[in-house]
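# return a 3D structure for these sequence lines:
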Amino acid sequence: MTGRGLLARALTLALTLTLSGCATLDYYRHLASGQYALLAARKPIAKLIAEPSTNEALRKRLQLALDARAFASDLLALPRNGSYTEYADVGRPWVLKNLFAAKEFSLEPVEQCFPIAGCVAYRGYYDEALARDEAERLKAQGYEVFIGDVPAFSTLGWFDDPVLNTMLRWDDDELVGTLFHELAHQRLYLPGDTAFNESFASFVEREGLRRWQAARGLPEAGSLRSIRAEQFVALMLRLRERLQAIYDGDQPDTSKRSAKAAAIAVMRDEYRALRDGDWQGYAGYDDFVNGEINNAKLVPFGLYHALIPGFARLFEQAGGDLPAFYKAAETLAKADPEQRQQTLEATDTPTP
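Next up is the predicted model:
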């Protein structure tokens, strides 16, 4: 596609995504510019691998990405297209900044609604300054906010999404798993239900990575890194449960604030005990835990992890067959939202 064609499609996407009343012209312009810059930077991975001038470390990571891309279509029944067959270096350690916002006594995100994506729990920015300006505006209105780095995302088939330099700083398992996760969004996406979409993709990522490791004779995702990550997520989900109980209570706001602070303090004590005990001093999550903890910062844990057990149950009911699981998930996506949520939140769901 020519540069003019890329720009036209980027502008069309940006316009479509920003037709909501809250969108500003500045946001529209920056979205189109950022998407165009990303697409224009793409280079075929096969060509880069063949070039003698390509750094050997980069060559190995790109070959891994191509192998995982083929595995995704051949053995995971994920879309077969041009996504992740190209590479782009965006010149920074993140491709987007996602802004989350929530009320003082709510774990529900402030949603942004768009025609294609539906209502989502965040707003993405290619420009960090714009994200911080919007965060300050929301804070002035009394919202709690959190800005998180985004190393990869899916355009849901609008474009052939590239492998990004932001993804290559991870270890092999995380790189491969992320490719599976983003392709899962192309396989099934339900406009307006971020938790469904992200938990579905996260389950596909886990199951895909398990099969990838088995096929290549690699250790299963029980590495120390994976174990720590799962334990940390469980810690954050427990905090969410405690906070939800506080918010659901009928005590005055002053009492809720005190109880909220106490719950966060308990989480920090539990984290330090885990870090200094089972983790033998590993401090990789210190910055996150020691920084400000608020409802907005806890939103992603509810989106990406809370419904995974429900999808694990659906997978078991499908006999462990991925195409059958996808069909069951598609059927569930068409169900009444309340029924869908109840099905995925059933308490007898297995741990994946």
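
# which parts of the stretch 251-352 of the chain are helices?
Secondary structure of the stretch 251-352 of the chain (DSSP state H, counting those that start in this stretch): helices at 253-276, 286-290, 295-304, 308-317, 322-333, 337-344.

# got the phi and psi for residue 112?
Dihedral pair for residue 112: phi -110, psi 130, per degrees, to the nearest 10.

# and what of residue 147?
Main-chain torsions, residue 147, degrees, to the nearest 10: phi -110, psi 120.

# re earlier: please work out which of the helices of the stretch 251-352 of the chain is packed deepest.
Each of these was scored by mean neighbour count; the highest is helix 295-304, a mean of 22, by mean count of other Cβ atoms under 10 Å. In short, each C-beta sits where N, CA and C put it, glycine included.

# how far does that one sit from its chain's centre?
10 Å (Cα atoms, centre = their mean, to the nearest Å).

# packing partners for it?
Packing contacts for helix 295-304, counted by 3 or more Cβ pairs under 8 Å, 6 or more residues apart in numbering; DSSP states H and E, involve strand 96-102, strand 144-150, helix 194-215, helix 224-248.

# contacting residues for residue 179?
Residue 179 makes contacts with 65, 68-69, 72, 84, 163, as judged by Cβ atoms under 8 Å, 6 or more residues apart in numbering.

# now do the residue lying closest to residue 125 once chain neighbours are set aside: how many residues are near it, please.
Among residues not flanking residue 125 along the chain, residue 131 sits closest, at 3.8 Å (Cβ to Cβ, 6 or more residues apart in numbering). Counted with other Cβ atoms under 10 Å, residues neighbouring residue 131 total 21.

# quick one: residue 131 and residue 147 touch, right?
Yes. The pair residue 131 and residue 147 passes the contact test of Cβ atoms under 8 Å, sitting 5.4 Å apart.

# identify whichever of the helices and strands packed on helix 295-304 lies nearest to residue 57.
Closest approach to residue 57 among the helices and strands packed on helix 295-304 (Cβ to Cβ): helix 224-248, 19.8 Å.

# just to revisit the earlier point, including distance to residue 127, could the helices of the stretch 251-352 of the chain go into JSON lines?
Listed next are the helices of the stretch 251-352 of the chain as JSON lines, based on distance: least, Cβ to Cβ, whole Å:
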{"stretch": "helix 253-276", "distance to residue 127": "31"}
{"stretch": "helix 286-290", "distance to residue 127": "23"}
{"stretch": "helix 295-304", "distance to residue 127": "20"}
{"stretch": "helix 308-317", "distance to residue 127": "32"}
{"stretch": "helix 322-333", "distance to residue 127": "33"}
{"stretch": "helix 337-344", "distance to residue 127": "34"}
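
# for residue 194, find the nearest of those.
helix 295-304 (5.2 Å).

# could you give the angle of the closest one to strand 144-150?
Taking axes from the mean of the first three to the mean of the last three Cα atoms, to 10 degrees, one finds helix 295-304 and strand 144-150 inclined to each other by 50 degrees.

# residues in contact with helix 295-304?
100-107, 109, 121-122, 143-146, 148, 194-195, 198-199, 202, 233, 236-237, 239-240, 243.

# mark which of those residues are buried, thanks.
Buried members of those, counted by 16 or more other Cβ atoms under 10 Å: 100-103, 105-107, 109, 121-122, 143-146, 148, 194-195, 198-199, 202, 233, 236, 239-240, 243.

# follow-up on the earlier one: quick one, which of the helices of the stretch 251-352 of the chain is nearest to residue 170?
Taking those one by one with Cβ to Cβ, helix 295-304 is closest: 15.9 Å.

# so, low pLDDT: which residues of the chain?
Applying pLDDT under 70 to the chain flags residues 1-24, 114-118, 221-222, 347-352.

# show me the two of the contacts of residue 179 that sit farthest apart.
Farthest pair in the contacts of residue 179 (Cβ to Cβ) is 72 and 163. Separation: 12.5 Å.

# can you point out the buried residues in stretch 167-185?
Using 16+ other Cβ under 10 Å as the burial criterion, the residues of stretch 167-185 that qualify are 167-168, 172-185.

# looking at the helices and strands packed on helix 295-304, which is nearest to residue 78?
Short answer: helix 194-215, nearest of those by Cβ to Cβ, at 7.6 Å.

# which helices and strands does that closest one pack with?
helix 56-75, helix 172-187, helix 295-304, helix 308-317, helix 322-333, helix 337-344.
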